[in-house]
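*Asks:* I'll drop the sequence and a predicted model, then ask my questions.
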Protein chains: 2
Amino acid sequence: MERDQRICKLDAFAVVLVASLGVNIWLVSKVFMDSTRMMTMSWSRRAAMEAEAVGAISCSGHGRAYLDGDDNDGKSEPVCECHLCFQGTDCSVLIPNCKANADGGDPLFLEPFWVKHATSSAIVVAGWHRMSYTYNDNSFISKELEKLIRKVHAHVGNAITENRYIVFGAGSTQLLAAAVHALSPTNSSAPPAAVLASVPYYGLYEAQAKLFKSTEFKFEGDARLWKNNSYANRQVIEFVTSPNNPDGLPNKAVVNGPNAKSIHDHAYYWPHFTPIPAPADENLMIFTISKLTGHAGTRFGWAVIKEKSVYERMTIFMQLNSMGVSRDTQLRALKLLKVVVGAKGERDIFNFGYNTMKSRWEKLKITFSTSNRFTLQKILPQYCTFLRTIRESSPAYAWLRCERKEDKDCSAVLNAANIIGREGSIFRAEDRYVRLSLVRNQDDFDLLIHRLNKLVTKEDGTKTM
Amino acid sequence: MERDQRICKLDAFAVVLVASLGVNIWLVSKVFMDSTRMMTMSWSRRAAMEAEAVGAISCSGHGRAYLDGDDNDGKSEPVCECHLCFQGTDCSVLIPNCKANADGGDPLFLEPFWVKHATSSAIVVAGWHRMSYTYNDNSFISKELEKLIRKVHAHVGNAITENRYIVFGAGSTQLLAAAVHALSPTNSSAPPAAVLASVPYYGLYEAQAKLFKSTEFKFEGDARLWKNNSYANRQVIEFVTSPNNPDGLPNKAVVNGPNAKSIHDHAYYWPHFTPIPAPADENLMIFTISKLTGHAGTRFGWAVIKEKSVYERMTIFMQLNSMGVSRDTQLRALKLLKVVVGAKGERDIFNFGYNTMKSRWEKLKITFSTSNRFTLQKILPQYCTFLRTIRESSPAYAWLRCERKEDKDCSAVLNAANIIGREGSIFRAEDRYVRLSLVRNQDDFDLLIHRLNKLVTKEDGTKTM
């Protein structure tokens, strides 16, 4: 009996032992496979772990830690950089009476999109990546990125790029300078070209043209004043911003004729902000990722050009100005734009952008719907070939007008209500206007709406009293 | 007896089972830990695997595949981009009679260093990294990078940066333009500043100054011709390149006096190329990572500036020209310069750079030691505070002179021997001179030496015949 029991036990033991050895074998193979996977990520692992550690730092949704942030000389992890009205090590503390900043055009409204699409938008840059001055074809321009840009335009339908030349620049900023240079007279005895823009216009055009103090061109102000002007001996270069910054209107060139050339700044010609009635097809068009993907800091833009001679002059300008755009920047733009035209399920940057901007614009309209003191710009709805529907604009900026006679300085009125806007005079308009940025991060926008609601409610109170 | 055996077996089984279970527990914990490590690398994993896969593509040591290389529209892996004289899918085929290219200054001699230091030099850029136009302090300049640059100079001892301002640019290229602007007269009624450089000089100074066709400054040629000139009413801006490009000589300003200002281009003032007798301490000094780390394509340089007003004008130029330098570029420069001042064992970029350039220079000297037809520039040895020894220069370029009366076009002489150099006239010197680049990749240098040896040997043959 005892012996039988022992034999039984022995058989059971054997079964358990075989099972355990089986598990042994399976686990060993798993460990081997995992470590092979880990091994294949050899030189990139440290960088990946650093980036993930920084990405995991919680800043309460009101800030962000960056890989190149202050890390106390390597003694700690990078610290949270808080949104404007937040403070504390984890940005959880609201600063009382903090001003609502609606000044600059920092397109952080798109940041949540990239957090959501972290996997498809990350890049790993090897230490040896593209050390040369040029790509393999001796140019400063990544052919893969150029191809992708044409694909983006074809996908959105906002510009014709077939049989057009493309030049890259450090944001639209550098391309604007290159374009003015390229459209200026080549004949040195000719008078300098007159550089113009329709009021209200983006202040950089004027500041940049003045900075260069060129003998080739001179900033001459409002294009509308030149409409019926005689400029027979003077070449005209008109900046046409469409949709316009600050007011979001679909601009057209106002100066025409044989001596008139134009630079179409289409920074905002994306479904986030405006209906796309038809692909743009002007001679010289400038785009930037800043207002497309939201990466203002990446400094990447491109020009789409019809004329070979203009393309060549712009290329020489880019070469002598900075030897093209950083290869790291081009690599990043490539990855981001791949998400824009994306693999399945990643194509939704335009849905995200449009829905966010639309919701912000609607909130703003509701805020001002009861106001007699302030009015917003009006932009007519149009059919959008991208969304396949008639839609309103959802502009990047509100172009607010103070209607009361005494409110000549609209930004002062807002400032008294703890709101920072950009004065109309910066756009060479009256200070009765002020630009409010709607593209900033959600915290900035929420505070702006909160303050504006208070201001408008007070206005009603004043009236009823 | 049989029973005893069974009991014995049972005990042995128990021991094996316990051991097996122990191994299982250990393996399970290992799998768990590994997968935790894998889990912590979540969003960066795909990018890391992509980069490692591209890094692992073999191009036979005569080429390289890049993450943004041609990938046949995503249908294949990026292809090898071969060094100039190699071809084939894996770059293993030498192109017969291929010209030895010693023209451009592509600093690929440092590429093997970064391949060796892959782990410490890789970066992972998250999709949401630094989307804003500015850093937290509203500037376009990473404070961490600025601190690190001061550390690099302190480590090498090649420049004083205490109490100096620093401005970043897209390579030294953009900073040269910013510096000329900043040193030009602010008074618009003043005549344009005369921009000068000593022959032989880097051709970009002239090309860039002419491009802008400014009313503020005008390129006026050789500084030596202005040495004793009366320029009482004219401001002078002199480019001083030290060590000089093309000839590697330690230049000093030649125009002095109250109206003379200078821009010291110290692109080559690193131990790779020259003894460092003392830290440079001029009013306006320009440096670039291009010739320090070899990342010409990254487009990153910096200016070290004494005067606040000059700093402010350069900052405005950078703002209106390109809104500063790409944040991606700054992140990469930060990582690369961390290796330069590096953790222990990583500090050897200067050893690597110096040894490579020294070995190349010595090979070149041996090649020409028997020649009567060609002479190399002579640079006096100096004490180097970095290497703590008297050392010769190991210049970036050979400045070759054809000594025979009939060899007026030295580059044509080389060209006939299948060697491409850069003509002296591009540096405003005689074409009896030619510049040969010694900083290119090893394949280019090896072929250059091979061809030069043949040329010099033939010369002996000619003589003996």
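*Replies:* Thanks, I have the structure now.
*Asks:* Am I right that residue A:26 falls within a helix?
*Replies:* Yes. Residue A:26: assigned to a helix according to DSSP: H, G, I helix; E, B strand; the rest coil.
*Asks:* those helices in the stretch 1-150 of chain A, which residues are they?
*Replies:* Ranges of helices in the stretch 1-150 of chain A, per DSSP state H, counting those that start in this stretch, are A:2-40, A:45-55, A:111-116, A:118-121, A:143-156.
*Asks:* Go through the ones you listed and name the closest to residue B:119.
*Replies:* Checking the helices of the stretch 1-150 of chain A against residue B:119 by Cβ to Cβ gives helix A:45-55 as the closest, at 5.3 Å. (Each C-beta comes from the backbone N, C-alpha and C, glycine too.)
*Asks:* relative to helix B:45-55, how tilted is that closest one?
*Replies:* 160 degrees (axes from the mean of the first three to the mean of the last three Cα atoms, to 10 degrees).
*Asks:* mind listing what the residue of the stretch 351-465 of chain A found nearest chain B touches?
*Replies:* The minimum distance from the stretch 351-465 of chain A to chain B, using Cβ to the nearest Cβ, falls at residue A:441 (9.0 Å). Taking Cβ atoms under 8 Å, 6 or more residues apart in numbering or on different chains, we find residue A:441 in contact with A:83, A:106, A:108-109, A:111.
*Asks:* hmm, which two among these are most spread apart?
*Replies:* The widest separation within the contacts of residue A:441 (Cβ to Cβ) is 12.7 Å, between A:83 and A:109.
*Asks:* Also within reach of chain B: list those from the contacts of residue A:441.
*Replies:* When Cβ under 8 Å from any Cβ of the partner chain is applied, the members of those adjacent to chain B are A:106, A:108, A:111.
*Asks:* The last one reaches residue B:128, doesn't it?
*Replies:* Yes. Distance between residue A:111 and residue B:128: 5.4 Å, which falls inside the contact criterion (Cβ atoms under 8 Å).
*Asks:* Those two: which has the busier surroundings?
*Replies:* Neighbour tally, residue A:111 and residue B:128, criterion other Cβ atoms under 10 Å in any protein chain shown: the higher count belongs to residue B:128, 23 against 19.
*Asks:* Now do the more buried one against residue B:376, distance only.
*Replies:* 52 Å (Cβ to Cβ, to the nearest Å).
*Asks:* between the ones next to chain B among the contacts of residue A:441, which is nearest residue A:352?
*Replies:* residue A:111 (10.7 Å).
*Asks:* Domain map for chain A?
*Replies:* Here the domain assignment for chain A is A:1-32, A:41-98, A:100-112+A:347-457, A:143-340, based on automatic domain parsing.
*Asks:* tell me the most buried of those domains?
*Replies:* Scoring the domains of chain A by mean neighbour count under mean count of other Cβ atoms under 10 Å in any protein chain shown gives domain A:143-340 as the most buried, with a mean of 21.
*Asks:* quick check: mean pLDDT across it?
*Replies:* When pLDDT is averaged over domain A:143-340, the result is 95.
*Asks:* do stretch A:30-48 as well
*Replies:* Stretch A:30-48 comes out at a mean pLDDT of 74.
*Asks:* before we move on, the earlier item: distance to residue B:70 for the domains of chain A - can I get that in TSV?
*Replies:* Converted to TSV, the domains of chain A look like this (distance: least, Cβ to Cβ, whole Å):
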stretch	distance to residue B:70
domain A:1-32	35
domain A:41-98	22
domain A:100-112+A:347-457	24
domain A:143-340	7
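*Asks:* Kindly provide the distance from the residue lying closest to residue A:59 once chain neighbours are set aside to residue A:191.
*Replies:* Nearest residue to residue A:59, sequence neighbours excluded (Cβ to Cβ, 6 or more residues apart in numbering or on different chains): residue A:80, at 3.8 Å. Relative to residue A:191, residue A:80 is positioned 55 Å away (Cβ to Cβ).
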